[in-house]
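Asks: Okay, predicted coordinates and the sequence, questions at the end:
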Amino acid sequence: MFKFNNLSLQIGGNEILRHMTGEIPEGSITALIGPNGSGKSSLLSLLCGLTLPTEGEILLNEKSLNKIKRSIIAKQIALLPQSNPVPTTLTVSDLVTFGRHPHRPWYKKVAKEDKQVIDWSMNEAGVTAYAERLLTDLSGGELQRAWLAMVLAQDTNILMLDEPTSWLDIAHQVSLLKIVRRLNKQYNKTIVWVLHDLNQARQFSDRAILINNGEIITQGDVNDVINAENITRVYQTSVKMHSLGNRDILWPEEQL
Ligand SMILES: Nc1ncnc2c1ncn2[C@@H]1O[C@H](COP(=O)(O)OP(=O)(O)OP(=O)(O)O)[C@@H](O)[C@H]1O
């Protein structure tokens with residue numbers, strides 16, 4: 001699906017990303033992990049075609065991403081950014097309807113098929129009950145799920161989610177992680193997400209790309225990448241793997 005080769009990004013003379021080479025296989029769930037400021041969102045932005053690399057190339061299904069029209073990319077890739085400005089006059093259902101934008105001309109009425117996808121998306125994200133509420137009247141977690149519904153309504157094969165669980169309580173975190181994994185299994189959607197919770201990343205992803213200081217340190221099977229040795233080295237805090245029931249949990253060694 002995605003292959004990227006020797007990607008570098010400079011902004012205002014600062015080297016943000018350096019010589020990144022890797023791949024994201026079709027139908028996989030890939031977690032981008034790494035400390036704050038390491039370059040995860042910047043890589044996501046390049047993969048969506050929102051930012052152009054200073055050097056290197058991204059291939060989407062063997063085709064150079066910068067040669068694909070934005071209107072075509074919008075039908076293939078949906079992005080949930082880390083933070084969004086909140087439009088003050090929109091309701092949840094207005095926002096989710098915007099998700100259909102790549103599939104219908106703006107001057108046309110919402111078709112029956114669009115309406116079905118909008119309703120399905122709101123239901124999946126758990127926002128149907130407050131569909132007619134203004135975005136400004138929602139809590140942080142409710143708002144996050146409204147944005148997720150908009151992304152789902154875009155109905156793309158690739159979902160890029162930048163810290164989708166921030167603002168969510170633990171029940172809604174698990175619910176979102178499960179929704180995304182079900183979309184992956186049921187519809188073979190390719191998922192790339194930035195997750196700070198390394199145990200969640202390990203449990204819900206197939207692969208991981210570990211980034212530090214704008215470089216890829218390692219990538220591959222999530223269990224090979226997210227281990228105590230790699231995490232201790234890159235995050236510079238000592239962690240250990242513990243068995244809890246039938247699961248391994250990564251936990252800091254530092255005593256509080
Ligand atoms: N437009 C910009 N101009 C200058 N520096 C930038 C710009 N965008 C990002 N950076 C810098 O690039 C580095 C990587 O940022 P990025 O947002 O990709 O990191 P991240 O790994 O997603 O971080 P976090 O986990 O904190 O969200 C940071 O040092 C950031 O300050």
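Replies: Received it, and whenever you're ready, just let me know what you need.
Asks: For residue 3, give me the pLDDT.
Replies: You'll see residue 3 listed with a pLDDT of 97.
Asks: cool, and the one 3 residues further on?
Replies: pLDDT, the model's per-residue confidence, is 97 for residue 6.
Asks: residues contacting it?
Replies: 19-21, 55-57 (CB atoms under 8 Å, 6 or more residues apart in numbering). (C-beta placed from N, C-alpha, C; glycine too.)
Asks: Grab the nearest non-local neighbour of the most centrally placed residue in the chain.
Replies: Among the residues of the chain, residue 161 comes closest to the average C-alpha position under CA atoms, centre = their mean, at 1.6 Å. Setting aside the residues directly before and after it, residue 161 is nearest to residue 193 in space (CB to CB, 6 or more residues apart in numbering), at 4.1 Å.
Asks: Just to check, that neighbour is in contact with residue 31?
Replies: Yes - the criterion here is CB atoms under 8 Å, and residue 193 meets it with residue 31 at 6.0 Å.
Asks: what sits in contact with each of those two?
Replies: residue 205.
Asks: check which helix or strand covers the residue nearest to the centre of the chain.
Replies: Per DSSP states H and E: residue 161 is located in strand 158-162.
Asks: which residues touch the helix or strand following that strand?
Replies: Using DSSP H and E, the helix or strand that directly follows strand 158-162 along the chain is helix 170-187. Identification of contacts with helix 170-187 by CB under 8 Å, 6+ apart yields 27-29, 124-126, 141, 145, 148, 152, 157, 159, 161, 164-165, 168, 189-191, 193, 197, 200, 203-204.
Asks: Which helix or strand lies directly C-terminal to helix 170-187?
Replies: Downstream of helix 170-187, the first helix or strand assigned by DSSP H and E is strand 190-194.
Asks: which outside residues touch that next one?
Replies: 1, 24-33, 40-41, 44, 47, 82, 157-164, 180, 183-184, 205.
Asks: Spell out the residue ranges of the helices in the stretch 101-250 of the chain.
Replies: Along the stretch 101-250 of the chain, counting by DSSP state H, counting those that start in this stretch, helices occupy 112-125, 140-153, 170-187, 198-204, 222-225, 228-235.
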